[in-house]
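1. Got a predicted structure here, sequence first:
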Amino acid sequence: MTTFNLNGRAVSVHSPDDAPLLWVIRDELGLTGTKFGCGIGCCGACTVHVEGRATRSCITPVGAIAGAEVTTIEGLDPAGKHPLQTAWIELQVPQCGYCQSGQIMQAATLLKDYPNPTDQDINAVMAGSLCRCMTYIRIRKAIKLAASRMQEGARGE
Amino acid sequence: MTRRIAIAVVAIAFIGLVGFCILAWRPAIAPIEPPNQASFTAESIAKGEILSAEGHCVSCHIRPGGQPLAGGYGVNTPFGVIYGTNITPDPQTGIGQWSLAAFTRAMREGVSRDGHHLYAAFPYNAFTELSDDDINALYAYLMTRAPVSATIPPNTVPFPLNIRLLEEGWKILFFRKKSFQPDPAKSAEWNRGAYLSEAVSDCGGCHTPRNALGAEELRHAYAGAVVDHWIAPPLTDTNPSPVPWTQEELFSYLRSGVGGLHGAAIAATMTPVVRDALDVPVVPDADVRALATYFSDINHASVHASDAEAVTKRAIERSALGSGQEYDPDANLYASACMSCHYNSGTAPLVARPELGLNSALTLPEPTNFIQPVLRGIGSRDGAPGLVMPAYASALTDADVARLAAYLRRTRTTLPPWTDLEKKVASARRELTASR
């Protein structure tokens, strides 16, 4: 049994220690916003936050996150209004949408590390998050929009 | 004539054997009733708690998920698995019947209360240098823990190496009872660090190479060694980290598990030294700083410090390789599997983004410390607090991991390529599968 926090709530799960965190989140805990993509940690669709940092959940054994705080797209913002989420909607980023929760979770870590990211920062950090609809141009725009709003917000406080 | 010679040889061998047995034999020390808790001072118990943490006793004297100090961790030695014993004061399965004299003899000479020799997996070669005061404090601490009734699995050391009397032969060859000798030319802090390293924390236990019989080669103290499928890197000036391990870096690494310019304590053998020992709140900062002072002196950090800034800058520049349009398939694999975390920009790497170009995993002569974390991943309690790395064993093939290793060695260092990478990945994967 592994105990951890999921979106601020303590959970205990019965999956074996080597079960991928993604399976636990989707199948045992029933949160399906996080998607299964490649299953080998190379596409980014399954990205969640562990202790606030983007982590590929499809190849992270649940035993490895015992006691940690895990955040999924459902918990990124209580009202679903994280600056990235509002920018995503405003710029109509998704096409089919399948990869987008992973994209947003990865982008959130990017903005935490680099609040004013250069194109190179975006390319490097987002390179592992694939989008078969090729929405990359809008993803980049939305990241920059969210970054500028977050910085304005930070200045306004 | 031949017969006489034969008789003489047998007689000499017999006398030799009897002599050895006399030399090797140790008496039992009489059992005692578990001592009255009130017979220990609070001060002594508190000091023992600190020493017990600094000596990371609990790393071996526990089974995974079990009670602290009740034993059961299996130490993989080349001679078999040796299990840490129960050192809670349970009279039957622990050390409840041990007098201070029996405990002192075990620490100083590696002999159990009942007279049998302990394997050198128990680092009495380090503890022999403990001061009387410190041994008394450890005794006070252990004897005031809650007794836990727990038996440990039998060791797997094969016959005849499991004859404990033979340990005396090992001791004659390699063990000297001694006390810690401070270096009067060095500061009190340096000497405190040396004492902690030699007598308490036993840093040499992993970082000093061992000979074929498992004894530390003291002429090569801290020169680095392979331990339990990881490389314990050299702690001397032959350490291959691109930037030197300064006192601040060492302090941060030992205290919190992560040094911003060197990465995190992720090795299965190093994680417990931080988690069970040096980041335990009772351990004073001053002791961890003393260790950092000692090692930043013996590795000559100050001599190598001058170009740290330039090396860091170059590493961060290379960190962006593969972030643009690339035709190199290795760079593309790196970009999709690794780069979202292992990328840095600006002037200094972020602690949460371990900069591989500065990590000794890429500059050691063997790829061991690169392959291990890639296959195993890193849990939230290993290395940097809260930082997790997925386990790529189920994701990448041996060829993929080998490609990543070769690519990083080629682009992040100026060192010659590693050899037989795919074989080494396959072998690490076999060990990992076998251990589960």
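-> Cool, got the structure. Residues are numbered from 1 along each chain as shown, chains lettered A, B, ... in the order given.

2. secondary structure element for the residue sitting nearest the centre point of chain A?
-> Geometric centre of chain A, nearest residue: residue A:105, 1.9 Å, by C-alpha atoms, centre = their mean. Per DSSP states H and E, residue A:105 falls inside helix A:100-113.

3. buried sites along that helix?
-> A:100-111, A:113 (16 or more other C-beta atoms under 10 Å in any protein chain shown). C-beta here means a position set from N, CA and C on the backbone, and glycine is covered the same way.

4. Give me the contact status of the helix or strand just after it with chain B.
-> Going down the chain from helix A:100-113, the next helix or strand is helix A:119-126, by DSSP H and E. Yes. Applying C-beta under 8 Å from any C-beta of the partner chain, one finds that helix A:119-126 is in contact with chain B at A:120-121, A:123-126.

5. now helix A:119-126, how far from the chain's geometric center?
-> Helix A:119-126 sits 16 Å away from the centroid of its parent chain (C-alpha atoms, centre = their mean, to the nearest Å).

6. One more: stretch B:245-254?
-> For stretch B:245-254, the distance to the chain centre is 17 Å (C-alpha atoms, centre = their mean).

7. could I get stretch A:100-107 in PDB with only the CA atoms?
-> Written as PDB, here are the backbone C-alpha positions of stretch A:100-107 (Å, rounded to 0.1, in the frame of the first residue of the first chain):
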ATOM      1  CA  GLN A 100      -3.000  19.100 -23.800                       C
ATOM      2  CA  SER A 101      -3.300  18.300 -20.100                       C
ATOM      3  CA  GLY A 102       0.300  17.000 -20.300                       C
ATOM      4  CA  GLN A 103       1.400  20.100 -22.200                       C
ATOM      5  CA  ILE A 104      -0.200  22.400 -19.600                       C
ATOM      6  CA  MET A 105       1.400  20.500 -16.600                       C
ATOM      7  CA  GLN A 106       4.800  20.700 -18.300                       C
ATOM      8  CA  ALA A 107       4.400  24.400 -19.200                       C
END
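
8. for the record, mean pLDDT for that stretch?
-> Averaging pLDDT along stretch A:100-107 gives 98.

9. List the residues that contact residue A:12.
-> Residues counted as contacts of residue A:12 (C-beta atoms under 8 Å, 6 or more residues apart in numbering or on different chains) are A:1-3.

10. In the worst-scoring helix or strand of chain A on mean pLDDT, which residues are buried?
-> Within chain A, no helix or strand scores below helix A:136-156, which has a mean of 94 by mean pLDDT, DSSP states H and E. Judged by neighbour count using 16+ other C-beta under 10 Å, the buried positions of helix A:136-156 are A:136, A:138-140, A:142-147, A:150.

11. Need phi/psi at the nearest residue to the residue nearest to the centre of chain A once chain neighbours are set aside.
-> Nearest non-adjacent residue to residue A:105, counting by C-beta to C-beta, 6 or more residues apart in numbering or on different chains: residue A:47, 4.4 Å away. Torsion angles at residue A:47 (phi, psi; degrees, to the nearest 10) stand at phi -70, psi 130.

12. The one 4 residues further on too?
-> The phi and psi torsions at residue A:51 (degrees, to the nearest 10) take the values phi 50, psi 40.

13. Could you tell me how far it is located from residue A:109?
-> Relative to residue A:109, residue A:51 is positioned 11 Å away (C-beta to C-beta, to the nearest Å).

14. now swap in residue B:81 and tell me
-> Here residue B:81 is placed at a distance of 41 Å from residue A:109 (C-beta to C-beta).

15. Same question for residue B:109.
-> 54 Å.

16. With residue B:285 instead?
-> 31 Å.

17. which one of the buried residues of helix A:100-113 is nearest residue B:125?
-> Set against residue B:125, the nearest of the buried residues of helix A:100-113 by C-beta to C-beta is residue A:113 (45.4 Å).

18. Run through the residues that contact the closest one.
-> Contacts of residue A:113 (C-beta under 8 Å, 6+ apart): A:125, B:350, B:352-353.

19. just residue B:178 next, same as before
-> B:128-129.

20. what does residue B:330 give?
-> Counted by C-beta under 8 Å, 6+ apart, residue B:330 has contacts B:403-404, B:406-407.

21. how far is the host helix or strand of it from where the chain is centred?
-> Secondary structure from DSSP H and E places residue B:330 in helix B:329-337. What separates the centre of helix B:329-337 from the centre of its chain is 33 Å, taken as C-alpha atoms, centre = their mean.

22. Downstream of it, the next helix or strand is which one?
-> helix B:360-363.

23. can you pull the pLDDT of residue 17?
-> Using chain A here. Taking residue A:17 on its own, its pLDDT is 95.

24. Can you look at chain B instead?
-> Per the predicted model, pLDDT is 86 at residue B:17.

25. Repeat that for residue A:157.
-> pLDDT at residue A:157 comes out at 61.

26. Could you list the low-pLDDT ranges of the stretch 301-436 of chain B?
-> Along the stretch 301-436 of chain B, no part satisfies pLDDT under 70.

27. Quick one: the helices in it, in order.
-> B:301-304, B:308-319, B:329-337, B:360-363, B:368-376, B:398-412, B:421-434 (DSSP state H, counting those that start in this stretch).

28. What's the mean pLDDT across stretch A:47-56?
-> On average, stretch A:47-56 scores 98.

29. for that stretch, which positions count as buried?
-> A:47-51, A:53-56.

30. next one: stretch B:70-81
-> Within stretch B:70-81, the residues scored as buried using 16+ other C-beta under 10 Å are B:70-75, B:77, B:79-80.

31. Now, these that are in strands?
-> B:74-75, B:77, B:80 (DSSP state E).

32. Would you mind checking which of those is nearest to chain A?
-> residue B:74 (18.0 Å; C-beta to the nearest C-beta).

33. Pull the contacting residues for that closest one.
-> Residue B:74 neighbours (C-beta under 8 Å, 6+ apart): B:81-83, B:153.

34. again, only this time at 10 Å
-> Residue B:74 makes contact with B:60, B:63-64, B:80-84, B:121, B:152-153, B:155-156, according to C-beta atoms under 10 Å, 6 or more residues apart in numbering or on different chains.

35. For the most centrally placed residue in chain B, give its distance to chain A.
-> Computing the C-alpha centroid of chain B and ranking residues by C-alpha atoms, centre = their mean puts residue B:206 first, at 4.3 Å. Here residue B:206 is placed at a distance of 23 Å from chain A (C-beta to the nearest C-beta, to the nearest Å).
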